[in-house]
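> how would this look folded up:
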Amino acid sequence: MKKTETVDFAELSDGSLVEVIEDSRDATQTLFAVYRDKSIRYTDSVPDGGRILVPPSKTHNGLEHLRLAQGASDCGEMPDILSKVSDILGACLDVELRTRHLMAAFAVSTWFSEKLPVAPYLALVGPPGSGKTTAMRALNLVCYRSLLATDISSSAFYDISNRFRPTILLDETLTAGRPRELIHLLKASSTPDFASLRKDNVRLAYGPKVFSWLELPDDSALNSRCIIVPMRRTSCTDLKNPRDPEVLERAKFMRARLLQFRFERLRDIPVAKLPLDVGLAARPLDLYRALALPFAEDKHICAVLAEMIVEQEALQAHVLSPAQAATMRVLYHVIHADPNAPYYWLGELTDAVNSDLKSRGEPHGLSERKVGPILTSLSFKDRHRLNKGTILSLDRSDRTRIHSSMRDFKLEAPYGDSIDICPICSPSRAPAPTTLAAETRCSVDLD
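Model prediction:
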């Protein structure tokens, strides 16, 4: 008697590929889509050697929450696939065309997760009301086995990832579970070769993921694993809701095309070559290879994706939170208002930062304790406790970096700042800052 085995995907001994799908006639049931020799058939079980394969139940420990394809259909040409996914996103989101294409390339890449060199991450960054949740819901329509969540424990994260290899979309990421634990988990699960060892269990959390931030976390290692998409408020009135029946129908048809695309390319998919005139290395190169993998044979798409990943390298440094931007503007102001000051009081800097935030409509002020970590995130760490409070010292390199950061981050200079006596703006006309006056310091620097 043949043994019954539950699988969500398998390559059979005769070369067929088997994928679990949602039954188009009954959304509470699952079927197999079986692909062989460019043809598709649908069945509720498949014999393979000495076993009978059956799909997992739609109520099988979380599968009911995953968005599955309902079949497969002719996928068409590569540029058309990318364009149609981008159009679905564009119907719901007010983002630039190139950004939409980048998001669409990410969505298509999720259908080949087991072949990717790294799991690409998509980070949506912006203030409340900037469309991050709408973007999540739109991406949820076109990513492979997408799972939209607002909270998840590390145990559930490992469990669902190990069993079904979904694309996890986690909204309001830093409010979910334990933020530090989650960030560690995200960093550890971006490569395919690392497993979690818990008691007698070995589990994998590897896979593409989407998450949203109010601001980028102070973790360059995680940020470097991400495609960063800055989100902004929109005044467009013709955008569709991701639940709009027309959008849902287009997305259902697109998932069928993407499943066919996965079937046709999964077994012999080539590695995308980097265009000769583009210089990428380390994680940016890995991200390029992941997003370009489904389109490796289309040189034009690969060239455009390579250019956008190069732009992402710059964006890694250009996304600042409102508090970071306010702090940078205040630092720029104080080094021009008093360029020879040996140090600046943290309390006074905090008051100025709060004033800047208030003038720009930011509702929440910061405490001195909060401004310290913001300075650290901007790499200004030379802080000391004196008898009267905490001071920040800025040497010549710090002041030079403040100038370049204002330019790089495209921050407007505070009104009235004079550059005539600035030793960096006019090095021949102004003296360098004096040395720190002798005062009693505490024994521990604040870094």
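> From now on I want contacts and neighbour counts done on CA atoms only, so please keep to that.
Noted.
> Could you check how far Val371 is from Asp356?
In this structure, Val371 and Asp356 are 13 Å apart, going by CA to CA, to the nearest Å.
> With Lys84 instead?
43 Å.
> Compare those two (neighbour count), which wins?
Asp356 (21 against 16; other CA atoms under 10 Å).
> what comes up buried for stretch 149-165?
149, 151, 157-165 (16 or more other CA atoms under 10 Å).
> In helices only, show me those.
157-164 (DSSP state H).
> Show me which of those is closest to Arg407.
Closest approach to Arg407 among these (CA to CA): Phe157, at 40.5 Å.
> What sits closest to that closest one if chain neighbours are left out?
Ala205 (6.8 Å; CA to CA, 6 or more residues apart in numbering).
> can you give me phi and psi for the one you found?
Main-chain dihedrals, Ala205, degrees, to the nearest 10: phi -120, psi 10.
> That one and Ser189 touch, don't they?
Yes: counting by CA atoms under 8 Å, Ser189 is a contact partner of Ala205 at 5.3 Å.
> For the two, indicate the residue with more neighbours.
Ala205 (27 against 23).
> In terms of pLDDT, where does that one sit?
On pLDDT, Ala205 comes in at 80.
> again, but for Val319
Val319 carries a pLDDT value of 60.
> for Gln324, same thing?
86.
> repeat for the one 5 residues further on
At Arg329 the predicted local distance difference test score is 92.
> contacting residues around the helix or strand harbouring it?
Applying DSSP states H and E as the criterion places Arg329 in helix 322-337. In this structure, residues lying in contact with helix 322-337 by CA atoms under 8 Å, 6 or more residues apart in numbering are 341, 349, 352-353, 356-357, 362, 374-375, 378, 399, 402-403, 405-406, 411-414, 417-419, 421-422.
> Let's see it as CSV, backbone CA atoms only.
What follows is helix 322-337, C-alpha atoms only, in CSV (Å, rounded to 0.1, in the frame of the first residue of the first chain):
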residue,chain,number,x,y,z
PRO,A,322,12.3,63.8,10.8
ALA,A,323,14.2,63.8,14.1
GLN,A,324,17.5,63.0,12.4
ALA,A,325,17.0,65.7,9.8
ALA,A,326,16.1,68.2,12.5
THR,A,327,19.2,67.3,14.5
MET,A,328,21.4,67.7,11.4
ARG,A,329,19.9,71.2,10.7
VAL,A,330,20.5,72.3,14.3
LEU,A,331,24.1,71.1,14.2
TYR,A,332,24.6,73.0,11.0
HIS,A,333,23.2,76.1,12.6
VAL,A,334,25.2,76.0,15.8
ILE,A,335,28.5,75.5,14.1
HIS,A,336,27.8,78.6,12.0
ALA,A,337,26.3,80.7,14.8
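> what does the next helix or strand along the chain from it contact?
Heading C-terminal from helix 322-337, the first helix or strand you meet, by DSSP H and E, is strand 344-345. For strand 344-345, the external contacting residues (CA under 8 Å, 6+ apart) are 389-393.
> Ok, stretch 118-137 next?
Contacts for stretch 118-137 (CA under 8 Å, 6+ apart): 89, 92-93, 103, 106, 113, 148, 169, 171, 189-192, 206-216, 225-234, 241-242, 286-287, 290-291.
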